[in-house]
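Enquirer: The amino acid sequence is not available; the structure is as follows:
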């Protein structure tokens, strides 16, 4: 099952890469004056939309299959009784008298239901009733229990397979959503007006840069983006920042190359992606300690900036402590980071990670997920939590707590995550902690105590704030951590 799911995901990625490669190849082969609609036209969009529809239909097929059951069906309960009958009563000389009518069958079914519900008193009562009517009562009830356990194990296994199927369906649905987004963005890429392109080409040439082609994305309510295919003249080497300055002046909007683009333009032809300059910057720091007498912390974290101007902070607490917990939480953070980098939304990425945890789950190994995404253009911060601890926002002499009641990842196959948004301002600090931090504080006063601790620290360096918080929390437990502790701090400032 797992191999098949992975194969399907790989196929989807290969299809997308194939179409993107064909698009890029066609772009480089076209002349600059070819209408944009002929390059990023409807055929390309419709093809990606067909891929999305195929994945959506596949997901619907999975969703349409039977759902999990917590109890044996009436047919299964009856079959358990008949299996015991075949093992014990088939050659008994009293069989015709005992099994005349349906009374004995219904008594056996009630005994199965008592076993299933764990009602020991009712089971003993029915067993006693059976003993008064059957000379082989002990052997029959033993076989009945044996066949019931076998049927119960089959039900648990089937439910596990159903959970895997639903997890796969969730992944297919999210992939379809991303493909729809890709299709929509393909239609939004257009060539600039001839006047704009000519002015840009002339201005870049004065900087020693030749512009081969240009495509832009400029839609209402969204940030401007440009894809310029550039080459330096006469073997020169020019910074992409210089090209960004030229583009900014002509477009009358501050533009910068995205983080993943090249830093320099040389004699080779390359396409550089430019986007609007962000209004905020983030500095972050972390302080952590493993559980007392453990070498490895079960907490994992990641901080990264995405192409679309989103700064992501993720913190995960693996169940328990030590290496096993570290592996579980590390997998959550790594998968989440990869999905977000691939263009999935926060909620879609979280659902995909939950599906992966459900598919991988062995025993009662679960992990929390605490995700904060800051828009560096607007300062808006989205919080998405799955079994995670409270997050705190510090602004001057005021602290706000962000909480959630969502379950940890992997507990159920489909989760509705709670998403909370807050506006962050210049000088604000975001403080994320794992459960071990708050659990070390006085019972029923954890949040209030943490707010007091945060207000006592006046440093402006995120790492020093994290260390200060951790030191003060450890003082409450005699500097012997009863669980892994991690404090992740991020500060936001205007550029």
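Expert: Nice, thanks for sending it over. Computed from a predicted model, the values in this text were never measured in an experiment. Numbering: from 1, shown residues only.

Enquirer: As a check, name the ranges of all helices in the stretch 151-300 of the chain.
Expert: 194-206, 240-251 (DSSP state H, counting those that start in this stretch).

Enquirer: And residue 332, how far from residue 353?
Expert: Computed as Cβ to Cβ, to the nearest Å, the residue 332 to residue 353 distance reads 6 Å. Quick note: C-beta positions are derived from backbone N, CA and C, even for glycine.

Enquirer: what touches both of the two?
Expert: Here residue 332 and residue 353 have 369, 409 as joint contacts, going by Cβ atoms under 8 Å, 6 or more residues apart in numbering.

Enquirer: low pLDDT regions in the stretch 151-300 of the chain?
Expert: Counting by pLDDT under 70, the ranges of the stretch 151-300 of the chain that qualify are 163-164, 167, 182-187, 219-221.

Enquirer: can you pull out the strands in it?
Expert: 209-217, 225-232, 238-239, 255-257, 264-265, 270-276, 280-289, 299-305 (DSSP state E, counting those that start in this stretch).

Enquirer: Out of those strands, which gets nearest to residue 348?
Expert: Among the strands of the stretch 151-300 of the chain, strand 299-305 comes nearest to residue 348, with 17.3 Å by Cβ to Cβ.

Enquirer: can you list contacts of that closest one?
Expert: Residues from elsewhere that reach strand 299-305, judged by Cβ under 8 Å, 6+ apart: 259, 282, 284, 286, 288, 311-318, 326, 329-330, 332-334, 336-337, 340-341, 376, 434, 436, 484-486, 488, 490.

Enquirer: Same question for stretch 442-449.
Expert: 390, 401, 403, 438-439, 441, 476.

Enquirer: do you know which of the strands of the stretch 151-300 of the chain lies nearest residue 135?
Expert: Using Cβ to Cβ, the nearest of those to residue 135 is strand 299-305, at 62.5 Å.

Enquirer: May I see the buried residues of that closest one?
Expert: Within strand 299-305, the residues that count as buried by 16 or more other Cβ atoms under 10 Å are 299-303, 305.

Enquirer: Sheet partners, orientation included, of it?
Expert: Within its sheet, strand 299-305 is paired with strand 310-317 (antiparallel), according to DSSP bridges.

Enquirer: model confidence over the strand it pairs with, on average?
Expert: Averaged over strand 310-317, pLDDT sits at 93.

Enquirer: Okay, angle between that strand and strand 280-289 too, please.
Expert: Counting by axes from the mean of the first three to the mean of the last three Cα atoms, to 10 degrees, strand 310-317 lies at 10 degrees to strand 280-289.

Enquirer: returning to that earlier point: could the buried residues of strand 299-305 go into TSV alongside distance to residue 54?
Expert: What follows is the buried residues of strand 299-305, written out as TSV (distance: Cβ to Cβ, whole Å):
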residue	distance to residue 54
299	39
300	35
301	37
302	32
303	36
305	33
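
Enquirer: among those, which two are most distant?
Expert: 299 and 305 (21.7 Å).
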